[in-house]
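> using only what follows, build the 3D model:
(2 chains)
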Amino acid sequence: MSETAIVESPRLLPGLIAGRKAAIALDHVSKWYGEVVAVSDVSFGVSPGVTALLGPNGAGKSTLLKLMAGLLSASSGTISILGQPARGDTNAYRRLGLVPEQEYIYPYLTGREFVRLNALLQRLSDPDAATARAIHLVEMETAADRKLGGYSKGMRQRIKVAAALVHDPDVLLMDEPLNGTDPVQRAGLITLIRALGDAGKTVLVSSHVLVEVERFAENILVIVNGKLAAAGDYRAIREKIDTHPHAVSIRASDPRRLAAALLVEPTTRSIRFERDERIVAETSDVRTFYRIIPALARQANIRLHEIQPADESLTSVFAYLVER
Amino acid sequence: MTGELFWRPFPILALTVRQFLGGKAIRVVVALSLIPCAFAGIYLLNRDVATAEEFLFDAIFLNLMAPTLLPILVLILATAALGNEVEDRTLPYLTLKPISRLRIVLEKLAGILVVVIPAVSAGLALTYLLVVGSDLGQSTRLLWSMLAASALGAIASASIFLAVSLIIPRALLTGIIYTFVWESLLGRFLPGVRVVSVRHYTQSIFVQLFDEPSVTIANVTSLRASILTVLGIVIVSVAVATWRLRRMNLE
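Sure thing, here's the model as predicted:
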């Protein structure tokens, strides 16, 4: 990657670490459709390496990726990719790849033909070698000569990744690439995403699954309701998420005694009784809380039937981040 | 047709042809192209209504192919060529590449013509053979005039419908209404509409190429003016399609 193309941001954009340069920079970007605001005044920078764009469904992740790829024009604000405006210059696509979210791809082409089409449109000098290399990267050699119409969702995801990687781009935008993949396919793609980041590529991966993200990204950008809710180091944000009040539902043989034991613990904020021997405890430190429950139950000779998060949907976690 | 010869220099053209050959549209196009043959069969049952030549230029070309069949055939493919890519959200695979929007439009246009012109030509040639089969010694000027005029008409219609498909969401329906109301119905009765329809120039090109004094249409336009008009239609339509492709938001 040529260093000259990566712009020194005039100010430190959210998501950027001091001293690092932005391969992708969004400055006060908004996108609205009539009265509906899809993206609202978002500014962030993305440096080389893997960054996750995290948020619940409908938060505006896909819109942001399309804005960055130049598929959509921003209603206001500026977007630059490797120092160039995101929309207008088709030559910029030599260094940019996009894995779109939609599943449909030309069903009448084979996987190899589809990847090769992308290689030909990139005007690569040896499209066949580039196609073979990209198919190898996503481990799709055995299915490459089958029609795309017969591919499973996970296979389509992988062949889309191959098509986006065929020209070895410096910047790769991936819209929910792990959706529909089985555990083996997911592990393979995560390894590939990490390898691309380690090789100095700028990889931005959207996801709505919090626990998935920690497997490939060090930096995360959290988007909720079209706004940037948090940006930066994964662990720091995860800590914020972990320390926000979580509700845990517990079903036990003697809920009253268990509640009394839990209330002594400093991590417990409140407890309410539900039906069917169930209590819901609110805690400020969910990880510690989960660790102490079995010990407390054992000491008090209480049998635990079930422990599960009562509110740990991503939406509530993200909503919490927005409120801060 | 979609072999290496096409793929390497013209990948979008090759993709478009594959798209047509792999879908339902091609079956409809082939079936519609053979309609003149069905008319020829009916004519052969009763040859007294017209001479073979009259039947071919009047019933088949001037009244069936130019005003209705040709625009419908072109419409089916032209609205699918880019319209389906928009609808299926596959257009980013073409637009997120270091190639000009003009090239995308031109290759898509060529893809339509590579399929529609042979289909129309085959239908017309077969009809011609059915009707004059027993008299092959006759001049083939009528056939070549029909083929050349329909090819130029197809080029003009395809470029218009390709541009329209990027502007109007229900381009196929709009095109069908346009063909039946404007080209077929109003074009016959209103002189003003006549000269601003592709049908008029397709018919004029045919009349001028056939060059038979007894065969003409109202307000016939010269060959040169007709060809220049077709060229003008193509340039404007391609420019509009390219501009639209550059400006449009792809969801």
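> how many residues are close by the nearest residue to B:Trp7 once chain neighbours are set aside?
Closest residue to B:Trp7 apart from its sequence neighbours, by Cβ to Cβ, 6 or more residues apart in numbering or on different chains: B:Ala14 at 4.5 Å. (C-beta placed from N, C-alpha, C; glycine too.) B:Ala14 has 24 neighbours, counted by other Cβ atoms under 10 Å in any protein chain shown.
> buried set for the helix or strand hosting A:Val211?
For A:Val211, the host element (DSSP states H and E) is helix A:210-213. For helix A:210-213, burial by neighbour count (16 or more other Cβ atoms under 10 Å in any protein chain shown) applies to A:210, A:212-213.
> go on, stretch A:58-73?
Under 16+ other Cβ under 10 Å, the buried positions of stretch A:58-73 are A:59-72.
> ok, stretch A:180-198 next?
Neighbour-count burial for stretch A:180-198, counted by 16+ other Cβ under 10 Å, picks out A:181, A:185-186, A:188-190, A:192-194, A:196-197.
> same deal with stretch B:54-71?
B:55-57, B:59-62, B:64-71.
> ok, A:Met172 touching A:Leu204?
Wrong residue type there; residue A:172 is Leu, not Met. Yes. The pair A:Leu172 and A:Leu204 qualifies as a contact (Cβ atoms under 8 Å) at a distance of 7.3 Å.
> from the chain's centre, how far out does stretch B:70-82 sit?
8 Å (Cα atoms, centre = their mean, to the nearest Å).
> any idea how far the residue of the stretch 1-150 of chain B found nearest chain A is from A:Leu120?
Scanning the stretch 1-150 of chain B for the residue nearest chain A gives B:Gly22, at 3.2 Å (criterion: Cβ to the nearest Cβ). Separation of B:Gly22 from A:Leu120 (Cβ to Cβ, to the nearest Å) stands at 18 Å.
> between these two, which has more neighbouring residues?
Remark: of B:Gly22 and A:Leu120, A:Leu120 carries more neighbours, 25 against 16, as counted by other Cβ under 10 Å.
> from the buried residues of stretch B:54-71, which land in strands?
Per DSSP state E, strands hold no members of the buried residues of stretch B:54-71.
> related to what we said a few turns ago, show me what the helix holding A:Val211 is packed against.
Secondary-structure packing of helix A:210-213 (3 or more Cβ pairs under 8 Å, 6 or more residues apart in numbering or on different chains; DSSP states H and E): strand A:49-54, helix A:234-243.
> how far off centre is the last one?
For helix A:234-243, the separation from the chain centroid amounts to 15 Å (computed by Cα atoms, centre = their mean).
> just the C-alphas of it, formatted as CSV.
The C-alpha coordinates for helix A:234-243 follow below in CSV (Å, rounded to 0.1, in the frame of the first residue of the first chain):
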residue,chain,number,x,y,z
TYR,A,234,-12.6,-3.3,21.4
ARG,A,235,-11.7,-4.1,25.0
ALA,A,236,-12.4,-0.6,26.3
ILE,A,237,-15.8,-0.6,24.6
ARG,A,238,-16.5,-4.1,25.7
GLU,A,239,-15.7,-3.0,29.3
LYS,A,240,-18.3,-0.2,29.0
ILE,A,241,-20.8,-2.7,27.8
ASP,A,242,-19.9,-5.2,30.5
THR,A,243,-20.3,-2.6,33.3
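> and it with strand A:49-54, angle?
Put simply, helix A:234-243 runs at 30 degrees to strand A:49-54, going by axes from the mean of the first three to the mean of the last three Cα atoms, to 10 degrees.
> and helix A:234-243, what's its mean pLDDT?
The average pLDDT within helix A:234-243 is 72.
> ok so, going back, which one of the buried residues of stretch A:180-198 is nearest chain B?
For the buried residues of stretch A:180-198, the nearest to chain B is A:Leu196 (17.9 Å; Cβ to the nearest Cβ).
> got a list of what that closest one touches?
A:50, A:165, A:172, A:203 (Cβ atoms under 8 Å, 6 or more residues apart in numbering or on different chains).
> change it to 6 Å
Listed by Cβ atoms under 6 Å, 6 or more residues apart in numbering or on different chains, the contact set of A:Leu196 reads A:Val203.
> and it, helix, strand or coil?
What DSSP: H, G, I helix; E, B strand; the rest coil gives for A:Leu196 is helix.
> for it, give its distance to A:Arg146.
26 Å.
> with A:Gln102 instead?
Counting by Cβ to Cβ, the gap from A:Gln102 to A:Arg146 is 20 Å.
> same question, A:Ser43
Following Cβ to Cβ, the distance that separates A:Ser43 from A:Arg146 is 44 Å.
> where do the helices sit along the stretch 1-150 of chain A?
With DSSP state H, counting those that start in this stretch, the ranges of helices along the stretch 1-150 of chain A come out as A:61-69, A:111-121, A:127-137.
> adding distance to chain B, write these out as a markdown table.
Shown next, in a markdown table, are the helices of the stretch 1-150 of chain A (distance: least, Cβ to the nearest Cβ, whole Å):
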| stretch | distance to chain B |
| --- | --- |
| helix A:61-69 | 6 |
| helix A:111-121 | 4 |
| helix A:127-137 | 8 |
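> including distance to B:Gly133, could these go into CSV?
Putting the helices of the stretch 1-150 of chain A into CSV (distance: least, Cβ to Cβ, whole Å) gives the following:
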stretch, distance to B:Gly133
helix A:61-69, 58
helix A:111-121, 42
helix A:127-137, 48
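> so who does the residue in chain B sticking out farthest from the centre touch?
Residue farthest from the centre of chain B, counting by Cα atoms, centre = their mean, is B:Asp48 at 31.2 Å. If you count contacts by Cβ under 6 Å, 6+ apart, B:Asp48 has none.
> confirm it sits in a helix?
Yes. Counting by three-state DSSP, B:Asp48 is located in a helix.
> quick check: which element contains the closest residue to chain B within the stretch 201-324 of chain A?
Nearest residue of the stretch 201-324 of chain A to chain B: A:Leu204, at 14.8 Å (Cβ to the nearest Cβ). Taking DSSP H and E as the criterion, A:Leu204 maps to strand A:202-207.
> now A:Gln308
Judged by DSSP H and E, A:Gln308 forms part of strand A:304-309.
> swap in A:Gly232?
Using DSSP H and E, A:Gly232 falls in strand A:227-233.
> how many other residues sit next to B:Ala38?
12.
> could you do A:Thr142 as well?
Residues within reach of A:Thr142, counting by other Cβ under 10 Å, total 8.
> show me where pLDDT drops low in the stretch 1-150 of chain A?
Scanning the stretch 1-150 of chain A for pLDDT under 70 picks out A:1-12, A:17-19.
> now the strands for it?
A:24-33, A:36-46, A:49-54, A:76-81, A:84-85, A:96-99 (DSSP state E, counting those that start in this stretch).
> who's A:Ala252 bridged to?
A:Leu304 (DSSP bridges).
> for A:Pro294, see how far away it is.
Taking Cβ to Cβ, one finds A:Ala252 at 11 Å from A:Pro294.
> OK, contacts around the residue of the stretch 1-150 of chain B closest to chain A?
By Cβ under 6 Å, 6+ apart, B:Gly22 lies in contact with A:Tyr108.
> how about a cut-off of 10 Å?
A:106-109, A:147, A:149, B:2 (Cβ atoms under 10 Å, 6 or more residues apart in numbering or on different chains).
> which pair of those spans the longest distance?
A:Gly149 and B:Thr2 (16.5 Å; Cβ to Cβ).
> contact residues of the stretch 51-200 of chain B facing chain A?
For the stretch 51-200 of chain B, the contact set with chain A under Cβ under 10 Å from any Cβ of the partner chain comprises B:85, B:87-101, B:103-104.
> which of those residues are buried?
Buried among these by 16+ other Cβ under 10 Å: B:85, B:89-99, B:101, B:103-104.
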